[in-house]
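[1] Pasted the sequence and its predicted model underneath.
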Amino acid sequence: MSTPIAIIDARSPRQAIETLAKRFTVVPFLSENSTYEAVAGHPDVFISQGDTTVIAPNTPENILKQLPQFQFGKTPVGSDLRQSTPYNCVVTETYIIHKQGFTDPKIIELNPNKTYISVPQAYTRCNLIEIAQNAFITSDKGILNTLTQYKLECLFVTPEGIQLPPYKYGFIGGCMGKFDDTIYINGSLSSHSEGDTIRSFILSHSLEIVELHDGNLYDGGGIFFFLQ
């Protein structure tokens with residue numbers, strides 16, 4: 001049986017990549033001349049995962065060669081807000097969660113029966129992860145307020161202390177990825193002021209936690225997993 005693939009920002013701490021490599025075939029992600037430098041290694045800027053994986057047409061060729069089934073979106077990734085967010089949505093069994101008008105049309109086309117929840121933050125996946133069905137963690141209060149209106153379980157945690165050079169801080173969704181019943185975290189929860197709360201919330205949903213390195217939480221645009 002083939003080893004599952006893990007896609008992670010190539011600029012993540014070396015320990016994070018080495019820890020992932022114990023279980024996965026690691027594909028370090030880094031684009032050139034597509035978007036601005038801070039998110040050039042972020043999978044969630046180029047890839048949307050749901051029932052069908054949708055990928056930006058200008059995703060680096062070395063990444064495309066590693067992936068199993070996917071469909072190309074219609075929008076190349078670029079450098080401004082609108083151009084860097086078409087794939088930065090959260091697609092669940094029931095919902096597409098994103099800012100209205102920013103989602104690549106292919107994602108909407110492939111999910112005709114899902115409810116579209118419009119949130120005020122276009123960088124939705126950066127700020128939001130579904131850890132279990134209809135249970136989320138976010139670092140954006142606008143997302144929190146919207147999901148609460150839909151009666152969805154959502155934990156808000158401050159983005160302060162999350163690294164995203166050169167910015168003051170990054171976002172919680174970009175620090176995490178889920179595979180099977182395990183949440184993989186790019187950093188140590190103990191480095192975050194609400195790390196114990198995050199840990200308790202994840203464990204309350206009968207999930208395991210793997211912290212990939214000992215340092216501060218690192219927003220690398222999420223960790224994306226694929227079966228080969």
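    Looks like it came in fine.
[2] quick one: low-confidence parts of this protein?
    1 (pLDDT under 70).
[3] could you list every residue that touches S2?
    T25, L227, Q228 (CB atoms under 8 Å, 6 or more residues apart in numbering). (Each C-beta comes from the backbone N, C-alpha and C, glycine too.)
[4] scratch that, Q228 is what I was asking about
    S2, T3, P4, I5, T25, P68.
[5] and the two most separated of these?
    T3 and P68 (12.6 Å; CB to CB).
[6] Point out the ones among the contacts of Q228 that are inside helices.
    Among the contacts of Q228, no member falls in helices (DSSP state H).
[7] Now render those residues as JSON lines, adding distance to I172.
    Shown next, in JSON lines, are these (distance: CB to CB, whole Å):
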{"residue": "S2", "distance to I172": "31"}
{"residue": "T3", "distance to I172": "28"}
{"residue": "P4", "distance to I172": "23"}
{"residue": "I5", "distance to I172": "23"}
{"residue": "T25", "distance to I172": "26"}
{"residue": "P68", "distance to I172": "28"}
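[8] hang on, the earlier thing: tabulate the contacts of S2 (a markdown table), appending distance to G101.
    Shown next, in a markdown table, are those (distance: CB to CB, whole Å):
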| residue | distance to G101 |
| --- | --- |
| T25 | 36 |
| L227 | 33 |
| Q228 | 35 |
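[9] still on that earlier bit, who wins for most neighbours among the contacts of Q228?
    I5 (18 neighbours; other CB atoms under 10 Å).
[10] That one - nearest residue in space that isn't next to it in sequence?
    Once flanking residues are discounted, I5 sits nearest to F226: 4.4 Å by CB to CB, 6 or more residues apart in numbering.
[11] ok, the one you found to S2 distance?
    10 Å (CB to CB, to the nearest Å).
[12] just E18 next, same as before
    Counting by CB to CB - E18 and S2 are separated by 20 Å.
[13] buried set for the helix or strand hosting I198?
    Assigned by DSSP states H and E, I198 belongs to helix 195-203. The neighbour-count check on helix 195-203 (16 or more other CB atoms under 10 Å) flags G195, I198, R199, F201, I202 as buried.
[14] What is that helix packed up against?
    Counting contacts by 3 or more CB pairs under 8 Å, 6 or more residues apart in numbering; DSSP states H and E, helix 195-203 packs against strand 135-138, strand 153-156, strand 208-211.
[15] could you dump the ones you listed to a markdown table with mean neighbour count and distance to L64?
    Output for these, formatted as a markdown table (neighbours: other CB atoms under 10 Å; distance: least, CB to CB, whole Å):
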| stretch | mean neighbour count | distance to L64 |
| --- | --- | --- |
| strand 135-138 | 23 | 29 |
| strand 153-156 | 18 | 33 |
| strand 208-211 | 15 | 27 |
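[16] quick one: which of these is nearest I162?
    It's strand 135-138; of those, that one is closest to I162 (CB to CB) at 12.0 Å.
[17] List the neighbouring strands of the closest one plus their orientation.
    Under the criterion DSSP bridges, strand 135-138 sits next to strand 128-132 (antiparallel), strand 153-156 (parallel) in its sheet.
[18] Helices of this structure, residue ranges please.
    14-20, 43-46, 61-64, 105-110, 124-127, 141-149, 195-203.
[19] and those helices as a markdown table, adding distance to Y218?
    Formatted as a markdown table, these follow (distance: least, CB to CB, whole Å):
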| stretch | distance to Y218 |
| --- | --- |
| helix 14-20 | 7 |
| helix 43-46 | 13 |
| helix 61-64 | 20 |
| helix 105-110 | 26 |
| helix 124-127 | 13 |
| helix 141-149 | 21 |
| helix 195-203 | 14 |
